[in-house]
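In: Sequence first, predicted model second:
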Amino acid sequence: MKKIIPLVFICFSFIAKGQEIPLYTHSYNNLYLYNPAYAGSQGYGVFYLTHRRQWEGFDGAPVTSSLTFDTPLKKSPIALGGTIFTDKRGILSTTGFLATFGYKLEFSETHFVNFGLSAGMVMNTINLDMEANPSDPAILNRMKNSNSPDAQFGMKYQMKDFQLGISLPRLFKTNVVNDQSDKLEFNKLNSVFLTTGYKIHSEFDDYVFEPLIIYRYSAVEPSQIEVNGVFTYKNSMWAGASYRQGYGASAIAGLKFNKKISIAYSFDRGTSQFSGVASNTHEFQVGYHLGVKKHKKKPTIAKQHNVPVTQTEAKPVAKRPTERPTNTQTQTKQPEKTNTKAPVVAKTPQKQPVTTNTQVAKRDTIPVVTQRPTELNPLVNKPKKQMIIPPNEKIIRAGKGNHEFELDHGSYVIVGAFASHQNAMKYRKNIQERGYEAYEGFNTEKILFYVYLFKVEDIHIAIERKNDIRHIEGFENAWIFHIE
């Protein structure tokens, strides 16, 4: 009997918190844990395994584990997901599973609203050791396992780098003890989660800082605000900190290996009533990123003659810096003089087309290679055998993935690479405002968005195009990206 009294007290102290939503420090990395509308938000399928052990050294302290998977469907605004979780608090254990259906209402590429609905079951178990089991059959019957339906609903609004989410993480009341009732009761907004965040990109997009605020409203416990701040470097490593009201501070760090596997760790130092009793908390998260995004209509591929060129009188082509300077260079300002040795463009190319004739109108226009329609079409012909790629030529090579904006097979003349799609689009629009045709695309292997001016099948022609545009201000560092 002496063991029953404290046992029953502990039991009902955890029962009072039986409907509490498990807390995760790594929720910043996987908000799908709290809001089903985030299913598929990363644009590809991803698994996350998270394990959290609170108040190390305290017997009966909460231990929470979860396995989640979410992915968008190809060529569809629909996303699917699933969650399996366990939460142990003293003698009370909760196990559940949820299946998620998500839908994306898109206004533009960077402006959309996501909806998500999850449904499943939760099973609560009260673990009493044999010596402390009460002998009263009524108590034993009430402490049998109980099963309850579980459901979540959420919405997420995205406008470029800004996000705002709201979710109802528990739509139905959960029976912690067996009340032998089949009545289904709604939770009446007893739990509400609000999240908001914004991504701040560095000039060259190497660094990203993301502040994230989470507000938890609960009708059975005090409401809580959590503030997170995480720095990410080239989408491969990150570090940050968080502070949870009424609990304490946390340190966060993570790495991504082979662009597929991510590992993250957080250390919490609680300042709550348990801080004097082994208040250290450890949380681990392992992710596996499939890198398979749903397909959308890809941006139009830059073709051979779709770059606007100002139609002015042909001028001599400027010599390369490696050539020996001559006194004929001063004659470039007078195109009417043709008695120099510098190569010039024929004024009547329709009568005498040449294979290497290059038309340059102004310094701020992209040169176009004039070619015979059948003999030198770079999209259909094989590479020239006589051309050899210089050993010092910078060519980045990668395989093709299945991202919604995935670059297709071929050779690209790249003028910019970004970790953020928004920054890539801004740079593309900036180039277009200068009068050039520019496009962006993604490569799954490099996990970067690329802005390019040309795409051809023949890598040798791509090198020629690259060499031409390097004489234009702003494109001096253009390079070749070949998708195999």
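Out: Done, it's in.
In: What count of nearby residues applies to the nearest residue to residue 270 once chain neighbours are set aside?
Out: Nearest non-adjacent residue to residue 270, counting by Cβ to Cβ, 6 or more residues apart in numbering: residue 279, 3.8 Å away. Where you see a C-beta, it was placed from the backbone N, CA and C, and this is true even at glycine. By the measure other Cβ atoms under 10 Å, the count of residues near residue 279 is 21.
In: Got the confidence number for residue 279?
Out: Note for residue 279: predicted pLDDT of 74.
In: now it: how far from residue 240?
Out: 21 Å (Cβ to Cβ, to the nearest Å).
In: Show me where the stretch 101-250 of the chain dips below the pLDDT cut-off.
Out: 128-145, 174-184, 204 (pLDDT under 70).
In: Break down it into its strands, ranges please.
Out: Ranges of strands in the stretch 101-250 of the chain, per DSSP state E, counting those that start in this stretch, are 111-126, 146-159, 162-168, 191-198, 200-201, 207-218, 224-233, 237-244, 248-257.
In: out of those, which comes closest to residue 474?
Out: strand 200-201 (19.7 Å; Cβ to Cβ).
In: Would you confirm that residue 416 belongs to a strand?
Out: Yes - according to DSSP: H, G, I helix; E, B strand; the rest coil, residue 416 belongs to a strand.
In: what residues are up against it?
Out: 424, 427, 450, 451 (Cβ atoms under 8 Å, 6 or more residues apart in numbering).
In: ok, which pair from these is furthest apart?
Out: Longest span within those, Cβ to Cβ: 427 and 450, 10.2 Å.
In: Overlap of the contact sets of the two?
Out: Contacts common to residue 427 and residue 450, judged by Cβ under 8 Å, 6+ apart, are 416, 418, 440.
In: what residues are up against the second one?
Out: Applying Cβ under 8 Å, 6+ apart to residue 418 gives the contacts 205, 424, 427, 448, 449, 450, 451.
In: ok, so of those residues, who is nearest residue 51?
Out: residue 448 (31.2 Å).
In: Might one say that that closest one is in contact with residue 421?
Out: No - with contact defined as Cβ atoms under 8 Å, residue 448 does not reach residue 421; the gap is 10.1 Å.
In: Which of the two has more residues huddled nearby?
Out: residue 448 (21 against 18).
In: returning to that earlier point: name the residues contacting each of residue 448 and residue 421.
Out: Jointly contacting residue 448 and residue 421 under the rule Cβ under 8 Å, 6+ apart are residue 442.
In: Going along the chain, name the helices of this structure.
Out: 4-15, 137-142, 421-433, 459-469 (DSSP state H).
In: worst average pLDDT in the ones you listed?
Out: Sorting those by mean pLDDT places helix 4-15 lowest, at a mean of 45.
In: mind checking how far residue 155 is from residue 35?
Out: Taking Cβ to Cβ, one finds residue 155 at 8 Å from residue 35.
In: what's the answer for residue 446, then?
Out: Taking Cβ to Cβ, one finds residue 446 at 30 Å from residue 35.
In: So for these two, which sits in the more crowded spot?
Out: More crowded of residue 446 and residue 35, by other Cβ under 10 Å: residue 35, with 26 against 18.
In: and the more buried one, what is it in contact with?
Out: So, once contact is read as Cβ under 8 Å, 6+ apart, residue 35 ends up touching 116, 152, 154, 155, 156, 165, 166, 167, 169, 193, 195.
In: show me the contacts for residue 266.
Out: 25, 26, 242, 250, 251, 252, 253, 282, 283.
In: For it, which non-adjacent residue is closest in space?
Out: The spatially closest residue to residue 266, leaving aside those adjacent along the chain, is residue 25, at 4.1 Å (Cβ to Cβ, 6+ apart).
In: Just the strands from the stretch 351-484 of the chain, written as ranges.
Out: Under DSSP E, counting those that start in this stretch, the stretch 351-484 of the chain gives strands at 358-359, 368-369, 395-398, 410-418, 439-443, 448-456, 479-483.
In: May I have the third one as PDB, with CA atoms only?
Out: It refers to strand 395-398. Extracted in PDB, the C-alpha atoms of strand 395-398 (Å, rounded to 0.1, in the frame of the first residue of the first chain):
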ATOM      1  CA  ILE A 395      34.400  22.400 -66.700                       C
ATOM      2  CA  ILE A 396      32.100  21.300 -63.800                       C
ATOM      3  CA  ARG A 397      30.500  17.900 -64.400                       C
ATOM      4  CA  ALA A 398      27.600  16.400 -62.600                       C
END
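In: Might one say that residue 459 is in contact with residue 480?
Out: Yes - contact criterion Cβ under 8 Å: residue 459 and residue 480 qualify, at 6.8 Å.
In: tell me, what's touching these two both at once?
Out: Both residue 459 and residue 480 are contacted by 395, 411, under the criterion Cβ under 8 Å, 6+ apart.
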